[in-house]
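1. turn this into a model:
(one chain, ligands or ions: 2)
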Amino acid sequence: MYDPKSRKAEDFINHQEILDSLAYADAHKTDRAVIDAILEKAKLRKGLSHREASVLLACELEDKNQELFALAKQIKKDFYGDRIVMFAPLYLSNYCVNGCLYCPYHAKNKHIPRKKLTQEEIRAEVIALQDMGHKRLALEAGEDPVNNPLEYILESIKTIYSIKHKNGAIRRVNVNIAATTVEDYRKLKEAGIGTYILFQETYHKESYEKLHPTGPKSNYAYHTEAHDRAMEGGIDDVGLGVLFGLELYRYEFAGLLMHAEHLEAVFGVGPHTISVPRVCPADDIDPNAFDNGISDEIFEKIVACIRVAVPYTGMIISTRESQKVRERVLDLGISQISGGSRTSVGGYVEKEPEAESSAQFDVSDTRTLDQVVRWLMELGYVPSFCTACYREGRTGDRFMSLCKAGQIQNCCLPNALMTLQEYLMDYAAPETREVGEKVIAQQQAYITNPKVKEIVAQRLEKITQGERDFRF
Ligand code: SF4
Ligand code: SF4
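-> Ligands and ions are numbered 1, 2, ... in the order given. This is a model prediction of the structure:
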C-alpha cells in the first residue's frame, strides 16, 4: 500500500499509486478547472504533490502550458535569482562489478580501458581542476569492493581537500557512489562530504531489474532505500535523479516526486538536489536501444514541472546536454551546471584518444569552463563558485528552513559575487574578466541589505588585493 512514511521502497514508491496518478493525470489533462486549481496552488510556492504535478506534465492545453512555463521561470527567478552554481565531475575509477545495461562501465564491457587513479594522479587531476577555477566537485566511481573500497574513496576525499595549489582549493566534495550501509555513510559524513548523490536510474521495479541483471545494484529495494540510510548515517543533503529514457518519463517523474515526498515525510527535509540526465551515447551504448527517449520539448516541460513541484530543491544538469538545451532549461529551473567536464578517468590531465576512451558518456557541451562562465554572464546569469552553506553548517533541515524563510537569498548573491570575483582574478581570460566586472558592478545593486552591500563592496576590493575565501 502507498505510504510515504514507510521505510520500504515498494510502499513509498508504490507502483499502483503511480499508475493511479498517471490515470488521474490522463483524465484531467484538458480539465481547465483542475489545471487552474493546481497552477494556483503552485503559485503559493510551497510545492505540489506528485499527482498534481503529473497533471501539469500531462496537460494538453497550450495556454496552460505557457502559464506553467512562465510560473517555472518566475519561481526560478524568485528563489535563485540570476545565479548558477558551477561544479565539475571527477572520475576516480571505472572498475565496476554491476551489469547496468545503459552504462559503458558495466562489468561485461571487456574492451573499455579500466582505470583507477592513484592518490598522486588524483592530486594532478585536482590541480588541473583548480587551475580551471573549480571549487566544487562531484566524485564518481563504479562499484567494486576490491578495486574501489570505501577506504579508497575516503582516502581520495582527504587528498582532494588537502590540495592547496596557488589560490585554488576544492571546498566542497559531493559524492556519487553506489548504495552502501549506514556505517559507510557515517564515514563519508565524517570525511566532510557535501551532498550524497545517487540516481535511481528508473523507479519502475520491473524495468529496473531488467536493466540491472547482475551485481549488487540489481537489488531494487536496497538501492531505492539508500538515501534513507545516508540520512540515518548523518548525511543531511542527498541528491536524487533518474536517467530519462529508460522508462516512460511520466512514470519516472511521478516516482521522483514520490521519493522527494518520502524524504520530507520521514526526515522532515526533501532532497537537496534533483539531477535530470538523459541517456546519451557512450562506448558500447546506443541511446536508440532504449525506446523511451524524450524530445527536447518534453525535457523542458519536465524541468518546468519539477521547478514548480519542489521549488526549494536545486536542479542539476550536466554536459550530457548541448549548449542549446542547457540554455533553454537554465531559465526554467536549473540551478547548477557542470562546465569544462571530462567524463573519463584521468581526463583533466590528459585528453584520451577517442579509441581508448574510458569515458562514462560522450560530452555534448565541450566548451571550457571559461567559455561556459562567459556564456552564462552574456546570457545575464551570475556563475557562482559558492560552497558556503555546507561549510557554515547550513545543511539539511537548517538549510531548508532558512531557504523557506527566504533567508538564503541574503547569502547567495553576495557569495556568488565574491566567488566570481575570485574566479575573475585567478582564472578568467581577459575578455571574460571584462564581462564579469560589469556583471559584478550591476549585481551589487540587487543586494537589498545596506550593511551587507557595504561589506560585499569591501570584500570585493580585498579580493582584488589578494585575499580569498570570504563568505556569508
Ligand atoms: S551506472 Fe554505475 S553501477 Fe552501473 S555500470 Fe555504470 S558505474 Fe557501474
Ligand atoms: S549560500 Fe548556500 S545556497 Fe546559496 S549558493 Fe552558496 S552554498 Fe548554495
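
2. which parts of the stretch 151-300 of the chain are helices?
-> 182-190, 205-211, 220-224, 226-232, 249-267, 296-309 (DSSP state H, counting those that start in this stretch).

3. show me what the lowest-mean-pLDDT helix or strand in the chain is in contact with.
-> Within the chain, confidence by mean pLDDT, DSSP states H and E is lowest for helix 396-404 among all helices and strands, at a mean of 80. Residues outside helix 396-404 that contact it (CB atoms under 8 Å, 6 or more residues apart in numbering): 79, 236, 237, 267, 268, 269, 270, 272, 312, 389, 394, 408. Placement of C-beta: from N, CA and C, glycine included.

4. at 6 Å instead, please
-> 236, 268, 269, 312, 389, 408 (CB atoms under 6 Å, 6 or more residues apart in numbering).

5. for residue 395, see how far away the third one is.
-> Distance check for residue 269 against residue 395: by CB to CB, to the nearest Å, it reads 9 Å.

6. returning to what we had before: dump the helices of the stretch 151-300 of the chain into a markdown table; add mean pLDDT as well.
-> Shown next, in a markdown table, are the helices of the stretch 151-300 of the chain (pLDDT from 0 to 100):
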| stretch | mean pLDDT |
| --- | --- |
| helix 182-190 | 98 |
| helix 205-211 | 97 |
| helix 220-224 | 98 |
| helix 226-232 | 98 |
| helix 249-267 | 98 |
| helix 296-309 | 97 |
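
7. ligand 2 is nearest to which of those?
-> Ligand 2 sits nearest to helix 296-309 of all the helices of the stretch 151-300 of the chain, at 16.0 Å, using CB to the nearest ligand atom.

8. got the contact list for that closest one?
-> Residues outside helix 296-309 that contact it (CB under 6 Å, 6+ apart) are 42, 47-48, 53, 56-57, 68-69, 71-72, 75-76, 257, 274, 325, 328-329, 332-333.

9. got the phi/psi numbers for the closest residue to residue 32 other than its chain neighbours?
-> The shortest distance from residue 32 to any non-neighbouring residue, by CB to CB, 6 or more residues apart in numbering, is to residue 61 (6.6 Å). Phi and psi for residue 61, reported as degrees, to the nearest 10, are phi -90, psi 120.

10. and the least confident helix or strand of the chain, C-alpha only, in PDB?
-> This file holds the C-alpha atoms of helix 396-404, laid out as PDB (Å, rounded to 0.1, in the frame of the first residue of the first chain):
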ATOM      1  CA  GLY A 396      19.600  19.500   5.800                       C
ATOM      2  CA  ASP A 397      16.600  21.000   7.700                       C
ATOM      3  CA  ARG A 398      18.700  24.000   8.800                       C
ATOM      4  CA  PHE A 399      19.300  24.800   5.100                       C
ATOM      5  CA  MET A 400      15.700  24.100   4.200                       C
ATOM      6  CA  SER A 401      14.100  26.200   6.900                       C
ATOM      7  CA  LEU A 402      16.400  29.200   6.000                       C
ATOM      8  CA  CYS A 403      15.500  28.600   2.400                       C
ATOM      9  CA  LYS A 404      11.800  28.500   3.100                       C
END
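
11. not counting the host helix or strand of residue 376 itself, show me its contacts.
-> Assigned by DSSP states H and E, residue 376 falls within helix 369-378. Contacts with helix 369-378, where a contact means CB under 6 Å, 6+ apart, come from 84, 132, 133, 339, 340, 383, 429, 432, 435, 436, 439.

12. would you confirm that residue 233 contacts residue 183?
-> No: applying CB atoms under 6 Å, one finds residue 233 not in contact with residue 183, separated by 7.2 Å.

13. so how far is residue 381 from residue 373?
-> Residue 373 is 9 Å from residue 381, by CB to CB.

14. who has more neighbours, the two?
-> Shown here are residue 373 and residue 381; by other CB atoms under 10 Å, residue 373 has more neighbours (30 against 20).
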